[in-house]
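Trainee: 3D, please:
(chains A and B)
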Amino acid sequence: MNDDLSAVLELREAQPFFGESGLTAIPYSLRLMPGDCMLIACRDPRRASRFADLCSGLTPLASGQALCLGLDWQALAERRAWALRGRIGRVMQQGAWIDLFGADLNILLQQLHHTRTPTQDLVDEAIALSRRFGLPGLPSLPPSRLSTADRAKAACVRAFMGEPRLLLLEDPVEQDTADMMTAFLAELTAARERGCGVIWFSREPDMWRGYNAEGTQRFRLLDEGLLPMKKVM
Amino acid sequence: MSDDLPLYRRFLGGLGGLTRRQVRFPLMLIGASWGVVSEACRPTSWRRTVLHEFKTTLRQAAGGGLFSTLFTAALTGFGIVAQAIYWLGIAGMADTTDSLLATVLVREIAPVLVGVILLGRSAMLSLTQIGQLTIGGELRALQAQGIDPFMTLVVPRTLAMMLSSFTLGVVFSVIALSVGYGVCRFNSILTMPLWTFLYNIVGAMRPIDYLGIPLKLIISGFLLSLATQLTALDATRSDTLATLLPRGFARGILVIMVVNVILGVTVA
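Mentor: Got it, this is the predicted structure:
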């Protein structure tokens, strides 16, 4: 099957178990094609995280299906599910950093684990991305010792590493890190042109008010479910 | 609803619940042990992240625990080996010295003391680190990146601790015996060379000891590490480090004792 014809992410009436996920236990449906971008406004960061978990196959379903690159998370063997998650770039809001490791290893961890790309090549890629996002280089301090702005930039570097097929971005840019918006949009556009599907969650929909690239859909994630949103020019 | 059930069914339910609660952790330990062994046997499990964790833990447990082991071994050599040689000589039982040292020190004391050193110095550290990740929700971050915490953290740490236990056990035995010999030689209680003294002790060991002693060290290091890490991974929202640490310590000590007693009775 041609990859370009299958959705990067598809939820078919996917209904999570309430107790397991923290999401409202109603069916969610969406279809994200390669290169498409879905902007989802959600005031509750925990709900956005849980929805991203649902898209990553980390939430068990009571009914329906969740598919990534045409593969059903529920039907996928455990090892293949881990490998498929390795193709997802994610900016997380909660518990995003492992303080056992430096920020550099945190950034490289996913690629070191899932690929055989030489470490030096990964480091070079991470340094280049870090510089594009406004960091002086690959940060090596423990994540807890980085400033909030540097952590946000490092999170974007980690998410864009290794040309992911799907990006799940939870508030990647906020008011206090708005200076990296230009770099972020440049990387986002490049990723979309490569065929990467993007879901961009934001507590402040104003952050993507000016983003009207083709193939962009807008939704609101509420207790009632995922509701389409009127486009604001 | 449960009040409507007949008394015997409520009794059976209560009994079943109690049994399940009591055997839950041992069953988890058995299952996880098999998981570690089967993952370790797959070449694809040994990825860069796993190797990094293995090397880091090995350095921390074997390298970091070396000084503690040397110090404890020296004290043991001074306190037990030298005293045993001296008093057995006084009692006219010098012929039994070698077999007694082989039995008491190498076979019984070394695995327990090395286990306690590893528990205090490395396993509790592991428990704290993984416990914090579990309580803080950071393990979710690993899972979201497609990284299995069991394969990346638990497997390499368990195997590194197992290897460290064996290494430190051998170091402990050699140093304790050497220090005990040194003290006796200094006080002119022994006149034979060190190599003859060590050769006699090795000679006093039974063939089964060559299997039993390494098994004690290897299995207690393996299960000790796994028990503390499972305690950390099993943390619930109501847990804090204050509740996890005593639980992990108690389980660790229990594992060391149970392994040593079972293997002591059955193998060595």
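Trainee: quick one: contacts for residue 36?
Mentor: Unless you meant another one, I'm taking chain A. When contacts are counted by C-beta atoms under 8 Å, 6 or more residues apart in numbering or on different chains, A:Asp36 is found next to A:8, A:192, A:197-198, A:215-217. Every C-beta, even on glycine, is put in place using the N, C-alpha and C of the backbone.
Trainee: My question was about chain B, not that one.
Mentor: Listed by C-beta under 8 Å, 6+ apart, the contact partners of B:Val36 are B:154-155, B:158-159, B:222, B:226.
Trainee: Surely A:Arg194 is in contact with A:Glu163?
Mentor: Yes. The pair formed by A:Arg194 and A:Glu163 meets the contact definition of C-beta atoms under 8 Å, at 6.1 Å.
Trainee: ok, back up a step: ok, which pair from the contacts of A:Asp36 is furthest apart?
Mentor: Spatial extent of these (C-beta to C-beta) is set by the pair A:Val8 and A:Thr216 at 14.3 Å.
Trainee: Three-state assignment for the residue positioned nearest the centre of chain A, please.
Mentor: In chain A, the residue lying closest to the centroid (C-alpha atoms, centre = their mean) is A:Leu168, at 1.5 Å. What DSSP: H, G, I helix; E, B strand; the rest coil gives for A:Leu168 is strand.
Trainee: do you know how far it is from B:Ile135?
Mentor: Counting by C-beta to C-beta, to the nearest Å, the gap from A:Leu168 to B:Ile135 is 24 Å.
Trainee: Tell me, please, the helix or strand in the chain that averages the lowest pLDDT.
Mentor: By default, I'm working from chain A. Within chain A, judged by mean pLDDT, DSSP states H and E, the helix or strand with the poorest mean is helix A:18-21; its value is a mean of 65.
Trainee: oops, chain B please
Mentor: Of the helices and strands making up chain B, the lowest-confidence element is helix B:97-101, at a mean of 80, by mean pLDDT, DSSP H and E.
Trainee: List the buried residues for that helix?
Mentor: The neighbour-count check on helix B:97-101 (16 or more other C-beta atoms under 10 Å in any protein chain shown) flags B:97-98, B:100-101 as buried.
Trainee: just stretch A:23-37 next, same as before
Mentor: Applying 16+ other C-beta under 10 Å to stretch A:23-37 flags A:23-24, A:27-28, A:30, A:32, A:34-37 as buried.
Trainee: what's the span of that stretch from first residue to last?
Mentor: 22 Å (C-alpha to C-alpha, to the nearest Å).
Trainee: just to revisit the earlier point, which among the contacts of A:Asp36 end up buried?
Mentor: By the neighbour-count criterion of 16+ other C-beta under 10 Å, the contacts of A:Asp36 include these buried positions: A:8, A:192, A:197-198, A:216-217.
Trainee: Let's see which of those end up in strands.
Mentor: Among the buried ones among the contacts of A:Asp36, the members falling in strands (DSSP state E) are A:197-198, A:216-217.
Trainee: Taking chain A, what residue is nearest to chain B?
Mentor: With C-beta to the nearest C-beta as the measure, the residue in chain A that lies nearest chain B is A:Arg85; the distance is 3.1 Å.
Trainee: Which residue comes closest to that residue once chain neighbours are left out?
Mentor: Leaving out its chain neighbours, the residue that sits closest to A:Arg85 by C-beta to C-beta, 6 or more residues apart in numbering or on different chains is B:Gly146, at 3.1 Å.
Trainee: Over to B:Leu88?
Mentor: The spatial neighbour of B:Leu88 that comes closest, neighbours along the chain excluded (C-beta to C-beta, 6+ apart), is B:Thr97 at 5.0 Å.
Trainee: residue contacts, the one you found?
Mentor: By C-beta under 8 Å, 6+ apart, B:Thr97 lies in contact with B:84-85, B:88-89.
Trainee: Got the phi and psi for A:Leu222?
Mentor: Geometry field for A:Leu222 lists phi and psi as phi -120, psi 180, criterion degrees, to the nearest 10.
Trainee: Can you list the residue ranges for strands in chain B?
Mentor: With DSSP E applied, chain B shows no strands anywhere along its length.
Trainee: which stretches of it have low pLDDT?
Mentor: Residues of chain B that meet the criterion pLDDT under 70 lie in B:1-3, B:268.
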